[in-house]
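Participant: Dropping the sequence and predicted coords here.
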Amino acid sequence: MKKLTAIILSAILFAGCSKDTDRETFIQGEPIQSVQTPQITRVFNGSFSSTINTDPGITPMQCTGDLPGLFLPDHFLHGNAIHMGQLIWEQSTLRHLSCNLSFSTRQLTASVSGQISAANGDVIYYNGNDVIDVTNLLTSQGITGSIQGVWNITGGTGRFEEASGSFSINGLVDFTTGTFSVVANGTITY
C-alpha cells in the first residue's frame, strides 16, 4: 500500500510540475514574449567563383563610359563561406545595377546586388561596389584583371533575417569567360 501511495503521489507531483511549466509559459492567460537572442558580430570569410546566368529573360546591364555597347550579365555564385557551408549556387546570385568603363583610369566600376544561399537554404542579401582593373584587356597584355570591392550585408532569411555587416572581395576576372573568382573577408552580425 505504501508503494501504491508513493506512485500516486509521484504522479500527482509530476502532473503538478507540468502545470507549473504551463503557468510559466502564460501569465494571466497571455503568452510570455519569447526572449530574443542577442546578435553577435562574427568573422565572415569565404571563396566565391561565378558562372554567367544565361537565362534569356534577364537583360544584361548596359554600361556607360568609353565603350558603347558593353553589357555585363548576371551571375550565379559558387563556393563556400563560414557560417554558410557550401553555397546553393542556383539561389546565389549577383545582379549588376550599373557599370561604367573608363579608358583613362583603366577601370570598370560596377554596382551590384544579390543574395548568397547557405547550404541549409538560409539567405544573406547584399549590395556593393566593385572595381575591375582592365589594363590587361585594353593593352592586350593578358586575359585577367584584378577585382576589388566591398559588399554590404542588408538582411536575409532564417538565422540571417536581420543580419548586417560587410566584407571585402579580392580576386581575378577572366575576360575571356566574363567570370570571376574572389576571396571574401569581413564581419557579419546575426
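Facilitator: Ah, there it is.
Participant: where are the low-confidence patches of the chain?
Facilitator: Applying pLDDT under 70 to the chain flags residues 1-36.
Participant: where along it do the strands fall?
Facilitator: 26-27, 30-31, 41-52, 61-62, 64-65, 71-72, 75-81, 85-86, 93-102, 107-117, 123-133, 144-156, 164-174, 179-189 (DSSP state E).
Participant: Would you give the sheet partners of the fourth one, along with the direction of each?
Facilitator: Think strand 61-62. strand 71-72 (antiparallel) (DSSP bridges).
Participant: on that earlier part again, could you dump the strands of the chain into CSV with mean neighbour count added?
Facilitator: In this view, the C-beta of every residue, glycine as well, is placed from N, C-alpha and C. What follows is those, written out as CSV (neighbours: other Cβ atoms under 10 Å):
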stretch, mean neighbour count
strand 26-27, 10
strand 30-31, 8
strand 41-52, 17
strand 61-62, 16
strand 64-65, 14
strand 71-72, 17
strand 75-81, 20
strand 85-86, 12
strand 93-102, 18
strand 107-117, 20
strand 123-133, 20
strand 144-156, 18
strand 164-174, 18
strand 179-189, 18
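Participant: Break this protein into its domains for me.
Facilitator: Using automatic domain parsing, the domain parsing of the chain gives 2-29, 41-189.
Participant: Which residues are in contact with residue 120?
Facilitator: Contacts for residue 120 (Cβ atoms under 8 Å, 6 or more residues apart in numbering) come out as 85, 158.
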